[in-house]
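**Q** pasting a predicted model and its sequence here:
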Amino acid sequence: GENVEQHPSTLSVQEGDSAVIKCTYSDSASNYFPWYKQELGKRPQLIIDIRSNVGEKKDQRIAVTLNKTAKHFSLHITETQPEDSAVYFCAASPGFKTIFGAGTRLFVKA
Amino acid sequence: NAGVMQNPRHLVRRRGQEARLRCSPMKGHSHVYWYRQLPEEGLKFMVYLQKENIIDESGMPKERFSAEFPKEGPSILRIQQVVRGDSAAYFCASSPGQGQGNEKLFFGSGTQLSVL
């Protein structure tokens, strides 16, 4: 089955800097890669997603890249703000269930 | 359009009791997923259901745990004879279905189960 690994587990950046979170997946059948943000005590919420027929996608300050050959995908957050502080989860789905990475706790210092 | 509704938000049980967690998917969604989240950890897949069918229960312990999604009513995750290790947040998510454009998961607020 699918296995998703996520790095780093914790990331601390200064406000205004960029943050990058990296994930790898194992199942070549996975074709959908969402990213979720979870604030303390809240539900995970989808922030951006990418499909396997696209190499890059951007939405304001966040962008995702996908390298299908290497089975790598990454989340990039530019101009970080304190409200970006949360746990971020990458995930991979072959279409019938979604498997999540272990999460990255992002701290943005003001 | 109401989102995914889970209840209760908090559930306290003593060891050996039964826990029943409920999930009503978003309107129009026919696929339900249950995930477990331990403190400081990720979301672990448990089970994937469609109406009246369990599609994939590979992440659910074989004993004490069961799930259903009846034709009418919410999906139920049932844990019998709870132990302290069952303490966790249990999240339900729903999606419109399979295939491109239908995989997006919408999560409920979760049920925090505490076993004393």
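**A** Ah, there it is.
**Q** tell me if A:Arg105 really is in a strand.
**A** Yes - when DSSP: H, G, I helix; E, B strand; the rest coil is applied, A:Arg105 is found to be in a strand.
**Q** excluding its backbone neighbours, what's nearest the most centrally placed residue in chain B?
**A** Residue closest to the average C-alpha location in chain B (CA atoms, centre = their mean): B:Trp34, at 3.3 Å. If the residues on either side of it in the chain are set aside, B:Trp34 comes closest to B:Met46, at 4.4 Å by CB to CB, 6 or more residues apart in numbering or on different chains. C-beta: built from backbone N, CA, C; applies to glycine.
**Q** for chain B, what spans make up the strands?
**A** For chain B, strands defined by DSSP state E occupy the ranges B:5-7, B:10-13, B:19-24, B:31-37, B:43-50, B:53-56, B:65-68, B:75-79, B:88-95, B:106-107, B:111-115.
**Q** does the first one reach chain A?
**A** So the one you mean is strand B:5-7. No - for a cut-off given as CB under 8 Å from any CB of the partner chain, strand B:5-7 has no contacts with chain A; the smallest distance is 8.9 Å.
**Q** please identify the buried residues of that strand?
**A** Of the residues in strand B:5-7, those scored as buried under the neighbour-count criterion (16 or more other CB atoms under 10 Å in any protein chain shown) are B:Gln6.
**Q** ok so, going back, is the residue nearest to the centre of chain B in contact with B:Val47, as I believe?
**A** Yes - with contact defined as CB atoms under 8 Å, B:Trp34 reaches B:Val47; the gap is 5.0 Å.
**Q** which neighbours do the two share?
**A** Jointly contacting B:Trp34 and B:Val47 under the rule CB atoms under 8 Å, 6 or more residues apart in numbering or on different chains are B:Met60, B:Ala67, B:Leu77.
**Q** for those, give me CSV that also has neighbour count, distance to chain A and pLDDT.
**A** Listed next are these as CSV, based on neighbours: other CB atoms under 10 Å in any protein chain shown; distance: CB to the nearest CB, whole Å; pLDDT from 0 to 100:
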residue, neighbour count, distance to chain A, pLDDT
B:Met60, 21, 12, 95
B:Ala67, 22, 13, 97
B:Leu77, 26, 16, 98
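**Q** ok, the residue nearest to the centre of chain B to A:Glu5 distance?
**A** B:Trp34 sits 23 Å away from A:Glu5 when distances are taken as CB to CB, to the nearest Å.
**Q** same question for A:Pro44.
**A** Per CB to CB, A:Pro44 is found 18 Å from A:Glu5.
**Q** more neighbours, those two?
**A** When neighbours are counted by other CB atoms under 10 Å in any protein chain shown, A:Pro44 comes out ahead of the other of A:Pro44 and A:Glu5, with 28 against 12.
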